[in-house]
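A.B. asks: quick one: sequence and predicted model below, then my questions.
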Amino acid sequence: MLRKKSQNIEALRKKFHREWLLIAVDKMDPATSIPLTGRLLFHSHHRDEVYTQSGNYRKSALLVYSEDGFPKGYAAAFLYA
């Protein structure tokens, strides 16, 4: 796992083209709840690898694809409680 200093999440998404990212969020926009900065914990072209690594992290983390759209065959679903 990578444990680097906090970075802008949009900068991380641009740096890792077409990869899945696991990010420990350090700062969120209080008005919108959008994650702004975080520490990259793991990255891979394969979502399953990142998902497996997310189980090793004890706190909540953001799992995000670096591009605005998902790769073919993927979709997003949200559950609101």
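C.D. replies: Noted; the coordinates are in hand. Numbers count the residues shown, from 1 in each chain.
A.B. asks: now the strands for the chain?
C.D. replies: 7-8, 20-28, 35-44, 62-65 (DSSP state E).
A.B. asks: residues of the second one that come out buried?
C.D. replies: This points to strand 20-28. Under the neighbour-count criterion of 16 or more other Cβ atoms under 10 Å, strand 20-28 has 20-25 buried. Heads up, the C-betas are built off the backbone N, CA and C, glycines and all.
A.B. asks: and for stretch 24-44?
C.D. replies: Counting neighbours by 16+ other Cβ under 10 Å, stretch 24-44 gives 24-25, 35, 37-44 as buried.
A.B. asks: can you add pLDDT and distance to residue 56 and give these back as CSV?
C.D. replies: Output for these, formatted as CSV (pLDDT from 0 to 100; distance: Cβ to Cβ, whole Å):
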residue, pLDDT, distance to residue 56
24, 94, 12
25, 93, 17
35, 92, 20
37, 96, 21
38, 95, 16
39, 95, 14
40, 95, 14
41, 94, 9
42, 95, 8
43, 96, 14
44, 96, 14
